[in-house]
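Peer 1: with the sequence up front, the predicted model follows.
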Amino acid sequence: MTRSPTSSSRSSPASTALSPRHRWKVLAAGVAANAAFSVAFSGIPMTAVLMRTGYQLDNATLGLVLGLMGLGIAVSELPWGLLTDRWGDRPVLLMGLGSTAVALVAMALWAAPAAGHIPGLGWLGAGLLLVGLLGGSVNGASGRAVMTWFDASERGLAMSIRQTAVPLGGGIGALVLPFVALHFGFATLYGLLALLCALSAAMSWAWVHEPAIAPVASHAKAAGAMAPESGPLRDPRVWRIVAGIGILCAPQFAVLSFGTVFLHDFGHAGLAAITATMVSVQAGAMVMRVWSGRWTDRRRNRPAYLRACSALSVLLFAGLAALAIAAGAHAADSLALRVALVLLLGASGVCVSAWHGVAYTELATLAGAARAGTALGMANTSVFLVCFITPFSIPHLLALQGWPLVWLAASACALVAMPLLVPRPVVSDQKLAKTALSRST
């Protein structure tokens with residue numbers, strides 16, 4: 001085993017005494033950090049119907065407000081990723097989670113509607129934007145920790161477990177936040193989110209350290225050999241996957257941000273049915289992410305799996321658009337159509353959320369463990385830029401042709417992402433020389 005040049009210089013005294021089994025605690029802390037923030041950025045949209053009423057917003061303004069948190073994450077992801085590669089995971093997680101908790105407390109005090117008082121739109125928008133700017137720290141930092149603590153034979157599983165934090169947090173948010181907002185108000189909701197971020201920061205302080213010894217040398221060298229000396233920012237293969245990840249997230253964010261509105265306004269579903277559907281989407285995504293990480297580790301077929309998820313997403317969202325056309329403006333008149341809408345939306349949401357761990361592992365492996373923070377920051381910038389654009393665009397698509405156009409656009413995004421998610425093979429100069437020599441002889 002060899003000492004990692006990127007981690008040995010920053011290893012704390014505590015890290016030298018840690019056994020290899022400590023990697024599971026590091027992973028648990030990363031999952032907790034991502035889940036705590038995911039409860040906020042995935043869970044707050046689950047209260048969209050209540051937020052629309054409590055803040056007295058129309059659909060266009062609601063979409064803009066919900067997108068601002070994604071915009072904040074998109075703007076901050078790459079800087080956080082660069083800082084993670086420079087400083088390490090621990091200080092970035094502590095700084096990001098602590099400041100996010102403070103921002104949420106400020107929202108509870110000044111940006112929550114109360115009896116006889118509705119805060120200005122600027123307070124709500126600025127608060128969600130700030131939460132996104134600060135909370136974006138958790139994504140690249142915890143992902144880099146996976147790459148430095150786990151060797152190549154476990155990275156797909158570990159990264160997929162880490163990525164389950166997003167649907168885990170979203171599921172908790174879908175289950176808890178509408179209830180809290182309805183019965184206790186948005187001030188309590190923001191305070192609860194602040195507490196979760198503070199608790200996850202405590203876990204990061206206790207468990208997240210740089211490994212004193214890198215994973216098995218052969219795996220580390222193999223991962224590092226794939227990374228060009230110029231770094232991820234100058235590698236077109238990395239940019240292709242980054243673009244594909246972002247584009248394929250558009251249909252996912254369509255479900256997460258406006259799925260509740262679709263089921264309420266178009267499907268005429270009640271709060272219990274809406275909550276059950278969104279919780280099922282998040283739970284199904286968790287199961288699929290863990291399974292896909294382990295399965296692709298064993299089969300070594302990440303590109304094929306990514307293609308399959310994209311193709312199935314194309315079909316499911318096209319089917320959802322066709323069903324919306326068939327339902328027309330009177331979906332509630334038919335119980336069978338209402339059930340079909342719920343089931344197909346749930347299946348579409350699970351499918352388009354199942355691939356994240358595999359794609360992020362492929363991207364981080366391509367960039368190399370030493371620069372995984374930067375590469376994951378690039379991907380998350382793409383993801384959350386789409387997170388801003390998607391809810392902002394949906395009301396305009398609704399105004400044009402209604403829900404069928406929304407789901408057709410989601411299907412088209414999955415189709416465009418399919419060829420981008422698979423990196424083109426790199427042909428080395430040595431192979432080109434051998435090919436030229438064989439042809440000449």
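Peer 2: Looks like it arrived, so ask away.

Peer 1: residue contacts, the residue nearest the centre of the chain?
Peer 2: Most central in the chain under CA atoms, centre = their mean is Val166, positioned 5.8 Å from the mean C-alpha point. Val166 makes contact with Asn34, Ala35, Ser38, Ser42, Ala285, Ser353, His356, according to CB atoms under 8 Å, 6 or more residues apart in numbering. No exception for glycine: its C-beta is placed from N, CA and C like everyone else's.

Peer 1: secondary structure element for the residue nearest to the third one when sequence neighbours are not counted?
Peer 2: Put plainly, it is Ser38. Using CB to CB, 6 or more residues apart in numbering and skipping the chain neighbours, the partner closest in space to Ser38 is Gly169 (2.6 Å). Assessed by DSSP states H and E, Gly169 sits inside helix 165-183.

Peer 1: what lies in contact with the following helix or strand past that helix?
Peer 2: Counting by DSSP H and E, the next helix or strand C-terminal to helix 165-183 is helix 186-207. Helix 186-207 is contacted by residues 22, 25-26, 28-29, 32-33, 35-37, 39-40, 43, 47, 51, 54, 89-90, 93-94, 97-98, 100-102, 104-105, 107-109, 111-114, 135, 138, 176-177, 180-181 when judged by CB under 8 Å, 6+ apart.

Peer 1: single out whichever of the contacts of Val166 has the smallest pLDDT.
Peer 2: Within the contacts of Val166, pLDDT reaches its minimum at Ser42, with 85.

Peer 1: now secondary structure and neighbour count too, for the contacts of Val166, in a markdown table please.
Peer 2: Shown next, in a markdown table, are the contacts of Val166 (DSSP: H, G, I helix; E, B strand; the rest coil; neighbours: other CB atoms under 10 Å):
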| residue | secondary structure | neighbour count |
| --- | --- | --- |
| Asn34 | helix | 24 |
| Ala35 | helix | 24 |
| Ser38 | helix | 26 |
| Ser42 | coil | 26 |
| Ala285 | helix | 26 |
| Ser353 | coil | 27 |
| His356 | helix | 28 |
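
Peer 1: so Phe262 touches Gly402, yeah?
Peer 2: No: using CB atoms under 8 Å, Phe262 is not in contact with Gly402, being 10.4 Å away.

Peer 1: between the two, which has more neighbouring residues?
Peer 2: Each of Phe262 and Gly402 has its neighbours counted (other CB atoms under 10 Å); Phe262 has more, 23 against 16.

Peer 1: against Val386, how distant is the more buried one?
Peer 2: Phe262 sits 18 Å away from Val386, going by CB to CB, to the nearest Å.

Peer 1: list the buried residues for stretch 184-192?
Peer 2: Gly185, Phe186, Ala187, Leu189, Tyr190, Gly191, Leu192 (16 or more other CB atoms under 10 Å).

Peer 1: closest to Ser76 out of the residues you listed?
Peer 2: Tyr190 (19.6 Å; CB to CB).

Peer 1: what pLDDT is listed against that closest one?
Peer 2: Per-residue pLDDT puts Tyr190 at 98.

Peer 1: equivalent analysis for Ala74, please.
Peer 2: 87.

Peer 1: same thing with Ser7?
Peer 2: 41.

Peer 1: swap in His117?
Peer 2: At His117, the model reports a pLDDT of 88.

Peer 1: what of Leu109?
Peer 2: The model reports Leu109 with a pLDDT of 95.

Peer 1: before we move on, what about Asp265?
Peer 2: On pLDDT, Asp265 comes in at 87.

Peer 1: same check, this time on the one 5 residues further on
Peer 2: The per-residue pLDDT reported for Gly270 equals 84.

Peer 1: for it, phi and psi?
Peer 2: Here is the backbone geometry of Gly270 (degrees, to the nearest 10): phi -80, psi 170.

Peer 1: and for it, the neighbour number?
Peer 2: For Gly270, using other CB under 10 Å, the count is 11.

Peer 1: can you give me the buried ones in stretch 264-271?
Peer 2: His264, Phe266, Gly267, Ala269.

Peer 1: likewise for stretch 235-247?
Peer 2: For stretch 235-247, a neighbour-count test (16+ other CB under 10 Å) marks Asp235, Arg237, Val238, Arg240, Ile241, Val242, Ala243, Gly244, Ile245, Gly246, Ile247 as buried.

Peer 1: ditto for stretch 79-88
Peer 2: By 16+ other CB under 10 Å, the buried positions in stretch 79-88 come out as Trp80, Gly81, Leu82, Leu83, Thr84, Asp85, Gly88.

Peer 1: how about the helices in the stretch 251-400 of the chain?
Peer 2: In the stretch 251-400 of the chain, the helices defined using DSSP state H, counting those that start in this stretch lie at 271-299, 302-327, 335-351, 356-367, 372-401.

Peer 1: tell me which of these sits most buried.
Peer 2: Neighbour counts (mean count of other CB atoms under 10 Å) averaged over each of these peak at helix 356-367, with a mean of 26.

Peer 1: so what secondary structure elements neighbour it?
Peer 2: Applying 3 or more CB pairs under 8 Å, 6 or more residues apart in numbering; DSSP states H and E, one finds that helix 356-367 contacts helix 137-149, helix 155-163, helix 217-226, helix 236-261, helix 271-299, helix 302-327, helix 372-401.

Peer 1: show the pLDDT at Ala370.
Peer 2: At Ala370, the pLDDT value in this model is 78.

Peer 1: swap in Ala359?
Peer 2: Ala359 carries a pLDDT value of 93.

Peer 1: got the contact list for it?
Peer 2: Ile241, Gly244, Ile245, Leu248, Arg302, Leu306, Ala379, Leu421 are the contacts of Ala359 under CB under 8 Å, 6+ apart.
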